[in-house]
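> With the input below, show me the fold.
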Amino acid sequence: MTSILPPTERRLDASRDLHEKSTREVLQVLHEHDIVAARSVGPTLDALARLVDIAAERFRAGGRIHYFGAGTSGRLGVLDAAELLPTFDLEPGRVIAHMAGGQSGIVQAVEDAEDSRSEGAEAAAEVGAGDVAIGLTASGTTPYVGAALEAARAVGAATALVTSNPESPLAALADVPIITETGAEVITGSTRLKAGTAEKLVLNGFSTALMIAVGRTWSNLMVSVVATNDKLRKRSVRILCEATGMSEEDAAATLEASDGEVKTAIVMSFAEVSANDARTRLRAADGSVREAMRG
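Model prediction:
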């Protein structure tokens, strides 16, 4: 019977005596398997690059990215989507996280939500032909995710699956399957551990590379940051100094003229245009500093 279980549901021999270990020994086992999780991402990079390229092409054409998941997998999707808005000044509705059980499922377990194919299909009803739908399921068997991918594929969306199950039956629904072979968990079935760590790394890589591809960074600088507090306002000054070679005083003055918009300030500086002209260029370039400066 064990052989038909997803790897995430099997028992890990190295942690069978966990209850007899000291706290330090428990932490050592967890750490060793965190390393396993990180290493599991390397073999997926070719597939992940294909997914980023597909997503970037569709994103530039106005397409959206949809994450579908339940439990830990879904919550990681919610986290990734939420962090893109302030980090990259991403407009709401461009990367959307759909969680089994809705908002309630983010903070508490919603009974049977992940088993609802109807909820998955309903969540995917807003997916368009130019979009990308990414299923997130450590076990690779979640019905909610499967139904969402089926519905997305039916309308012509590109599909992908992030899972820790090499035998996932849902892989057939994905144009790009991304499989992190993390194996059995230190605590049997607790995918918030290795599988969740690997998924977080995959999502970090996917969304960051996507934002770079569509021009939401400049060099390695977070030029799209939204300065909503004093720490971020100071960071904005430093970013503008790094990007342009300005003094802090000149950077602060330029940011004041651009209403605190770092990208606008950079385009103003390099293209020698007004804040309004810089914004016009950025809108025409879909927010890409590189393309705006060519305009």
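> drop to CA atoms for contacts and neighbour counts, all remaining ones
Will do.
> list the buried ones in stretch 219-238?
The neighbour-count check on stretch 219-238 (16 or more other Cα atoms under 10 Å) flags Met222, Val223, Ser224, Val225, Val226, Ala227, Arg233, Arg235, Ser236, Val237, Arg238 as buried.
> Now the last one. Nearest residue, chain neighbours left out?
Going back to what we said before, that points to Arg238. Using Cα to Cα, 6 or more residues apart in numbering and skipping residues adjacent in sequence, the residue nearest Arg238 is Glu248, 7.3 Å away.
> which ones are touching the one you found?
Val237, Arg238, Cys241 (Cα atoms under 8 Å, 6 or more residues apart in numbering).
> rerun at 10 Å
Residues near Glu248 by Cα atoms under 10 Å, 6 or more residues apart in numbering: Lys234, Val237, Arg238, Ile239, Leu240, Cys241, Glu242, Thr254.
> so where does the fourth one fall, helix or strand?
Pointing back at Ile239 there. Here Ile239, judged by DSSP states H and E, is contained in helix 230-244.
> what comes up buried for the helix or strand just after that helix?
Later in the chain than helix 230-244, the nearest helix or strand by DSSP H and E is helix 248-257. Within helix 248-257, the residues that count as buried by 16+ other Cα under 10 Å are Glu248, Ala251, Ala252, Thr254, Leu255.
> Go through these and name the one nearest Thr72.
Leu255 (39.5 Å; Cα to Cα).
> I figured that closest one was touching Ser236, is that so?
Yes: counting by Cα atoms under 10 Å, Leu255 touches Ser236, with 8.1 Å between them.
> got any residues that touch both of the two?
Glu261, Val262, Lys263.
> Which one (most neighbours) among the residues you listed?
Most neighbours among the shared contacts of Leu255 and Ser236, by other Cα atoms under 10 Å: Lys263, with 30 neighbours.
> what's the helix or strand for it?
Here Lys263, judged by DSSP H and E, is contained in helix 262-271.
> Packing partners of that helix?
helix 230-244, helix 248-257, helix 275-284, helix 289-294 (3 or more Cα pairs under 10 Å, 6 or more residues apart in numbering; DSSP states H and E).
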